[in-house]
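Student: Structure, please.
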Amino acid sequence: MEQLLALAPNRTALQNEMLRAHHQGGLALQTFSVWNLFFAVGADQQTFAQRWEQTGGKALKNDERVLLRGKMQMRAALLEVHRIHGDGWVEAVDLFSPQPEPMRVQDRNLAGMAARFSTLLTWIFPLPHYWHISGLATPIEDMAGLTVPEVVREIVRHLGGPITEAEMRRWLAGHMVQFNDALTATLQLRQQQALTGMDAKAGQAVYELRAPFAQCRERLDALPDVEPDELSEAEMAEGFAEAREWFDPEPALKQMTGPGGRLELGRVLLGQSHWRLETFGEQKLARQRSQFEQQLGGLVRFSSQRVDDLGARRAAQGPDVDQALVPPRLLEQPQQLIMASSRVPMPAPGLSRAEAEQAILRAVDQAFLDDPVPVLDHQTPRQAAQNPALRPKLIGLMKSRVRSHDERNLQTGGTADINWMLRELGLTEIIFDPPPWRPPPPASSFLPARTGEEAEAEVDDDDDFPEDFYPIERVPVDPNRPPAPPLPAEPLTVQEASERLQRSLAIFENSGEAEAELQASGATMLDAAEQVLPDSLTEADFGQAVVFAMHTWFALVPVGCRAPVISFDAFEAAFYSNFKQLEACIASNTPDRIELFLGGGPQPNLSLVLLAGFLETTTKAPKDLRPSLAVQPLILALMKTIVEILDAALRRK
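Tutor: A predicted model of the protein is given here:
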């Protein structure tokens, strides 16, 4: 890079271009560097690297010359991973090639996070015994009924690039940023389509009792699909005395339940004077109301109904998208999302939670083989395997299932394999050995699984640029860190909770040190918090929320430990549930209800100690350190969510 600048006809202009790429991020900087070193040709029709090699590559040692010659053969490639080996390399094929052949790709980071059939757009170059990835890789998945190579060509065509192999490889080598921007915009629009199209309406219907409570309850309990359920603290605070869970007698998605499982239609909250039906989905609410009114008849009278379109709200909160970047063809066949809850039986005695979950997943996979699938023209996978016209679609579908399975194993530490499904379907051409067990990488480094929300996955290329030039921060989790110790079987006492919180307040001199420890531990809590907190928060408000979140975290996870793995979906669901309940408590204008809400849950004493510290900050801290009124409910919901998620992770029996 120093030679490139030194020999540039206009050093200042090239340096300014480099700085702009630097500010745009790692992908832009990598694209700038690769293009200017190995692809851009001058008046002599030679690249900089070719000219430099001809001069003897001043100051280069022999090994460095070998590396340079390898990089001079760099090309854009679409890698599909087939095998992952424990010693830092993967076997892959380049899907851009007319006849893809297996190739050995040496890359420790990729081998540590890839799954079978992960598909990555990147730069590669040959070395004497293997291929190597240069810089960053962009994961891509099939969409809109197109394979991954077809998706790539559709985006390139839309951006004005060539689609024949050699010309497209060269175009991509210098236009990775534009391609990535178009891919990101496409995924965002498809996600908004899915959210808008899903029936994610939170419905409530209120009925007044016109007969004694006991008589109404007896009539409801006569339904075979209604069973007692537990009330939450917030529901008890609203005055409800009992709850019932209502199962769907005719579920449309039987394969989602697992062995012996049942899909939920909704819930019924029983009060002395009024009852409330609750469910997700406008159609489900209509069915629940119809069955409820048919069963209760004149014993109840409809009072009111409320439906909140959570899917449309989430879609509206999404980022602004430059639709000009999106190929119209890739917006066809939008993904259809369905919200459903199910209950499965308790595991058999002696069966661990992990073993029980694995049994459920195995049963779901087994049911999948015999259920009609829309993308397979409503044929079952077994039927599609015997149909030459449907077999390519089935292979694409099963590749995605294998990839998701491997990614789940990587995140959870599981080792179960899914090749048995491929053998039953006779798909021997895509049977590859399962990956070896690998320690879960930080959540931020996972290759995207199904959502495609993360546009880039960093892979290692330690020898491309000097450390002070190539600004990519890597903070690997120390594998020797001990796991966070489990919490006691019983909730913490007030004294234990107070001592833990005091330690978490005294450990760090500033929030920067706390954030550094979180990152080093592999914790993804701040990423999850950033996702659920609204974008409208000021920087100061967000900073306050982060401070309280970190105090809560370190009250349960000691410094120096490896962070427990948390599910973003569970975090998000818990946060929105807590915030909704807190809004209801605040609307009641009754402080006792807020205290009752926060004091509920698995760690009531810790929650109340946190509340006391929060109230002290909001009333006694200097004005510039007090959280604003806008962020206070969000902070309380965030703290309660972190307590619940960590308790579930650290106190499981």
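Student: residues in contact with residue 213?
Tutor: Residues in contact with residue 213 (CB atoms under 8 Å, 6 or more residues apart in numbering) are 241, 270, 272. C-betas here are computed from N, CA, C, even on glycine.
Student: which residues in the chain form strands?
Tutor: Here the chain has its strands, by DSSP state E, at 75-85, 89-94, 103-106, 119-127, 130-139, 201-209, 226-229, 242-247, 262-270, 274-280, 300-309, 342-343, 457-458.
Student: where does the stretch 301-450 of the chain have low pLDDT?
Tutor: Filtered on pLDDT under 70, the stretch 301-450 of the chain yields the residue ranges 310-318, 336-354, 441-450.
Student: now do 50
Tutor: 443-450 (pLDDT under 50).
Student: Tell me where it has helices.
Tutor: Ranges of helices within the stretch 301-450 of the chain are 310-316, 353-368, 381-385, 391-412, 419-425, based on DSSP state H, counting those that start in this stretch.
Student: For the second one, output the C-alpha coordinates as CSV.
Tutor: Spelled out, that is helix 353-368. The C-alpha coordinates for helix 353-368 follow below in CSV (Å, rounded to 0.1, in the frame of the first residue of the first chain):
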residue,chain,number,x,y,z
ARG,A,353,-33.5,-30.4,28.9
ALA,A,354,-31.0,-30.7,26.0
GLU,A,355,-32.1,-34.3,25.3
ALA,A,356,-35.7,-33.4,25.5
GLU,A,357,-35.2,-30.5,23.0
GLN,A,358,-33.3,-32.8,20.7
ALA,A,359,-36.2,-35.3,20.8
ILE,A,360,-38.7,-32.6,19.9
LEU,A,361,-36.5,-31.4,17.0
ARG,A,362,-36.1,-34.9,15.7
ALA,A,363,-39.8,-35.5,15.8
VAL,A,364,-40.5,-32.2,13.9
ASP,A,365,-37.9,-33.2,11.3
GLN,A,366,-39.6,-36.6,11.0
ALA,A,367,-43.0,-35.0,10.5
PHE,A,368,-41.6,-32.6,7.9
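Student: Give me the number of neighbouring residues for residue 397.
Tutor: Neighbour count of residue 397, defined by other CB atoms under 10 Å: 18.
Student: Let's have the strands of the chain in CSV, adding mean neighbour count.
Tutor: Below are these laid out as CSV (neighbours: other CB atoms under 10 Å):
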stretch, mean neighbour count
strand 75-85, 21
strand 89-94, 20
strand 103-106, 18
strand 119-127, 21
strand 130-139, 22
strand 201-209, 19
strand 226-229, 14
strand 242-247, 20
strand 262-270, 21
strand 274-280, 21
strand 300-309, 14
strand 342-343, 16
strand 457-458, 20
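Student: Columns distance to residue 51 on top of the helices of the stretch 301-450 of the chain, output as a markdown table?
Tutor: Output for the helices of the stretch 301-450 of the chain, formatted as a markdown table (distance: least, CB to CB, whole Å):
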| stretch | distance to residue 51 |
| --- | --- |
| helix 310-316 | 52 |
| helix 353-368 | 56 |
| helix 381-385 | 55 |
| helix 391-412 | 43 |
| helix 419-425 | 50 |
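Student: what's the closest of those helices to residue 638?
Tutor: Among those, helix 310-316 comes nearest to residue 638, with 18.2 Å by CB to CB.
Student: Pop the domain breakdown of the chain in here.
Tutor: 1-73, 352-441, 494-650 (automatic domain parsing).
Student: Tell me which of the ones you listed is the most buried.
Tutor: With neighbours defined as mean count of other CB atoms under 10 Å, the domains of the chain peak in mean count at domain 494-650, which reaches a mean of 18.
Student: Just the endpoints, please. Distance across it?
Tutor: 19 Å (CA to CA, to the nearest Å).
Student: right, and residue 185 touches residue 322 too?
Tutor: Yes: counting by CB atoms under 8 Å, residue 185 does reach residue 322; the two are 5.6 Å apart.
Student: Neighbour count for these two, which is higher?
Tutor: Between residue 185 and residue 322, counting by other CB under 10 Å, residue 185 is the more crowded of the two (22 against 12).
Student: how far away is that one from residue 648?
Tutor: Using CB to CB, to the nearest Å, one gets 36 Å for the distance from residue 185 to residue 648.
Student: ok, now residue 21?
Tutor: For residue 21, the distance to residue 648 equals 43 Å [CB to CB].
Student: Out of the helices of the stretch 301-450 of the chain, which is closest to residue 485?
Tutor: Taking CB to CB, helix 353-368 is the member of the helices of the stretch 301-450 of the chain nearest to residue 485, at 18.4 Å.
Student: tilt between the closest one and helix 391-412?
Tutor: In terms of direction (axes from the mean of the first three to the mean of the last three CA atoms, to 10 degrees), helix 353-368 departs from helix 391-412 by 170 degrees.
Student: Chain neighbours aside, what residue packs nearest to the residue nearest the centre of the chain?
Tutor: By CA atoms, centre = their mean, the chain has its centre lying nearest to residue 568, at 6.3 Å. Distances taken as CB to CB, 6 or more residues apart in numbering place residue 528 nearest to residue 568, at 5.3 Å, with adjacent residues excluded.
Student: again, but for residue 221
Tutor: Leaving aside its chain neighbours, residue 221 sits nearest to residue 244 (7.6 Å; criterion: CB to CB, 6+ apart).
Student: I figured that neighbour hits residue 266, correct?
Tutor: No: with contact defined as CB under 8 Å, residue 244 does not count as touching residue 266 (9.4 Å).
Student: quick one on the thing from earlier: what residues are bridge-paired with the residue nearest to residue 221?
Tutor: residue 228, residue 268 (DSSP bridges).
Student: Contact partners for it?
Tutor: The contact partners of residue 244, taken as CB under 8 Å, 6+ apart, are 220-221, 226-229, 267-268, 270.
Student: do residue 53 as well
Tutor: Residue 53 touches 65, 68-69, 72, counting by CB under 8 Å, 6+ apart.
Student: what's the distance between it and residue 301?
Tutor: Note on residue 53: its distance to residue 301, by CB to CB, is 87 Å.
Student: same deal with residue 120?
Tutor: Distance from residue 120 to residue 301, counting by CB to CB: 60 Å.
Student: again, but for residue 484
Tutor: If you measure residue 484 against residue 301 using CB to CB, the figure is 52 Å.
Student: on that earlier part again, which ones among the contacts of residue 53 are found in helices?
Tutor: Using DSSP state H, the members of those that fall within helices are 65, 68-69.
Student: ok, so of those residues, who is nearest residue 532?
Tutor: residue 68 (47.3 Å).
Student: wait, the closest one sits on residue 60?
Tutor: Yes: using CB under 8 Å, residue 68 is in contact with residue 60, at 6.6 Å.
Student: To residue 194, which of the helices of the stretch 301-450 of the chain lies closest?
Tutor: For residue 194, the closest of the helices of the stretch 301-450 of the chain is helix 310-316, at 8.2 Å, according to CB to CB.
Student: okay, how far is it across stretch 124-135, tip to tip?
Tutor: Taking CA to CA, the first and last residues of stretch 124-135 lie 9 Å apart.
Student: same deal with stretch 68-88?
Tutor: 22 Å.
Student: Give me the mean pLDDT for that stretch.
Tutor: The average pLDDT for stretch 68-88 rounds to 93.
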